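Peer 1: What would the 3D arrangement of this be:
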Amino acid sequence: MTLEQLRIFVAVAEREHVTQAAQALNLTQSATSAAVSALEARYQTKLFDRVGRRIVLTDAGRIFLSEARAVLARAGSAEVVLADLAGLKRGSLKLAGSQTVANYWLPLVAHRFQQRFPGIALGITIGNTETVAAQIHDGSADLGFVEGEVDDPALAIEAVAEDELVLVAVTGHPWTVTPPSSPEELKSQRWIVREQGSGTRAHFEAIRALRGVETGSLDIALELPSNEAVRAAVEAGAGVAIMSRLVAHASLKAGTLVAIDFALPKRSFFVLRHKERYATRAAREFLAQVKGDTQGIGA
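Peer 2: Numbers count the residues shown, from 1 in each chain. Take a look at the predicted model:
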């Protein structure tokens with residue numbers, strides 16, 4: 001059994017289609033079929049059934065798939081360690097960020113890193129805070145950057161930057177003249193909020209409680225899955241919202257939104273890493289840059 005056979009098997013199993021797997025791997029269809037057939041013949045175990053024009057995994061194939069993925073992941077880890085020894089001349093770094101961080105803060109940091117280390121391929125995935133924490137936990141990303149607190153004993157969490165929150169409304173809203181000062185006034189308006197599981201939503205709930213507004217007493221007009229959707233809804237006059245000044249900046253500058261004179265606590269951006277997983281040299285250098293370590297690890 002070879003790693004190449006395992007790689008081909010996993011590709012076919014994930015797509016349940018030989019031709020598509022062959023195209024994804026840049027192999028011929030015959031070579032792809034032969035690799036799967038060799039595995040089945042060598043161990044006298046059928047891994048796929050043909051159902052009509054499709055192929056589907058057998059029970060044995062499903063069991064073998066998890067083992068094959070684990071072997072390939074372990075081989076990938078070994079490859080990462082060897083690339084790490086090359087002194088950051090080549091390799092990759094997988095980053096995950098929650099929406100505010102990944103869309104408005106992380107790209108500049110990543111750009112500066114790539115200017116220093118052009119041989120390191122950076123990949124950034126975007127989700128909410130819960131999604132990013134899950135990616136760091138299962139090892140599908142090396143470093144995570146979020147704006148919400150994370151409660152996972154397997155992860156190390158450290159504050160790396162500050163973010164300013166603002167209460168925004170459409171131009172001409174009454175609060176632009178007379179800002180709210182009581183829970184009753186806060187309850188008098190419709191609100192646009194992010195979805196549960198996002199760091200921005202968690203901070204919104206904390207601010208609500210801090211201002212003495214009971215759970216469920218606010219009029220939530222819309223619950224939306226992105227900062228951009230929230231901003232657009234507020235610009236359309238659908239309600240008011242609390243968001244990062246980074247998100248609101250362009251709209252505030254253009255005059256389509258107004259920041260209400262309403263004191264809000266700042267929040268931190270956090271970096272997440274797995275306590276027990278190997279931290280590549282690229283990850284350590286990226287983290288040093290984020291923290292402002294100008295000398296860096298390789299100095």
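
Peer 1: residues touching S217, list them.
Peer 2: S217 sits next to 183, 187 when contact means C-beta atoms under 8 Å, 6 or more residues apart in numbering. C-beta coordinates here come from the backbone N, C-alpha and C atoms, glycine included.

Peer 1: Now do the helix or strand hosting V36: which elements does it pack against?
Peer 2: Applying DSSP states H and E as the criterion places V36 in helix 29-43. The elements that helix 29-43 packs onto, with contact taken as 3 or more C-beta pairs under 8 Å, 6 or more residues apart in numbering; DSSP states H and E, are helix 3-15, helix 18-25.

Peer 1: Rebuild the ones you listed as a markdown table, extending it with mean pLDDT.
Peer 2: Shown next, in a markdown table, are those (pLDDT from 0 to 100):
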| stretch | mean pLDDT |
| --- | --- |
| helix 3-15 | 92 |
| helix 18-25 | 90 |
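
Peer 1: Show me the one of the ones you listed that comes nearest L167.
Peer 2: Of all the helices and strands packed on helix 29-43, it is helix 3-15 that lies closest to L167, at 45.5 Å by C-beta to C-beta.

Peer 1: Go through the closest one and flag the buried ones.
Peer 2: In terms of neighbour count (16 or more other C-beta atoms under 10 Å), helix 3-15 has its buried residues at 5-13.

Peer 1: Farthest pair within the residues you listed?
Peer 2: Comparing every pair within the buried residues of helix 3-15 by C-beta to C-beta identifies Q5 and A13 as the most remote, at 12.2 Å.

Peer 1: export the helices and strands packed on helix 29-43 to a markdown table and tack on distance to A34?
Peer 2: Shown next, in a markdown table, are the helices and strands packed on helix 29-43 (distance: least, C-beta to C-beta, whole Å):
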| stretch | distance to A34 |
| --- | --- |
| helix 3-15 | 9 |
| helix 18-25 | 10 |
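
Peer 1: for those, which one sits closest to A133?
Peer 2: A133 sits nearest to helix 3-15 of all the helices and strands packed on helix 29-43, at 24.6 Å, using C-beta to C-beta.

Peer 1: what's the angle from that closest one to helix 29-43?
Peer 2: Between helix 3-15 and helix 29-43, the angle comes out at 110 degrees (axes from the mean of the first three to the mean of the last three C-alpha atoms, to 10 degrees).

Peer 1: who does helix 3-15 touch, helix- and strand-wise?
Peer 2: Packing partners of helix 3-15 (3+ C-beta pairs under 8 Å, 6+ apart): helix 18-25, helix 29-43, helix 59-84.

Peer 1: Please state the offset of it from the chain centre?
Peer 2: Mean-position distance between helix 3-15 and its chain equals 26 Å (C-alpha atoms, centre = their mean, to the nearest Å).

Peer 1: Also stretch 121-130?
Peer 2: Distance, stretch centre to chain centre, for stretch 121-130: 3 Å (C-alpha atoms, centre = their mean).

Peer 1: Quick one: mean pLDDT for it?
Peer 2: Stretch 121-130 comes out with an average pLDDT of 92.

Peer 1: can you give me phi and psi for L122?
Peer 2: Phi and psi for L122, reported as degrees, to the nearest 10, are phi -100, psi 130.

Peer 1: From G292, how far out is S98?
Peer 2: Separation of S98 from G292 (C-beta to C-beta, to the nearest Å) stands at 21 Å.

Peer 1: Comparing these two, which residue is more hemmed in?
Peer 2: More neighbours surround S98 than the other of S98 and G292, with 28 against 8 (other C-beta atoms under 10 Å).

Peer 1: can you pull out the strands in the stretch 151-299 of the chain?
Peer 2: In the stretch 151-299 of the chain, the strands defined using DSSP state E, counting those that start in this stretch lie at 155-163, 165-170, 190-194, 219-224, 241-244, 257-259, 267-274.

Peer 1: Packing partners of the first one?
Peer 2: In this structure, strand 155-163 makes packing contacts with helix 129-138, strand 267-274, judged by 3+ C-beta pairs under 8 Å, 6+ apart.

Peer 1: how about the helices and strands packed on helix 29-43, which one is nearest A134?
Peer 2: Taking C-beta to C-beta, helix 3-15 is the member of those nearest to A134, at 19.6 Å.

Peer 1: ok, T256 - contacts?
Peer 2: Counting by C-beta under 8 Å, 6+ apart, T256 touches 170-171, 235.
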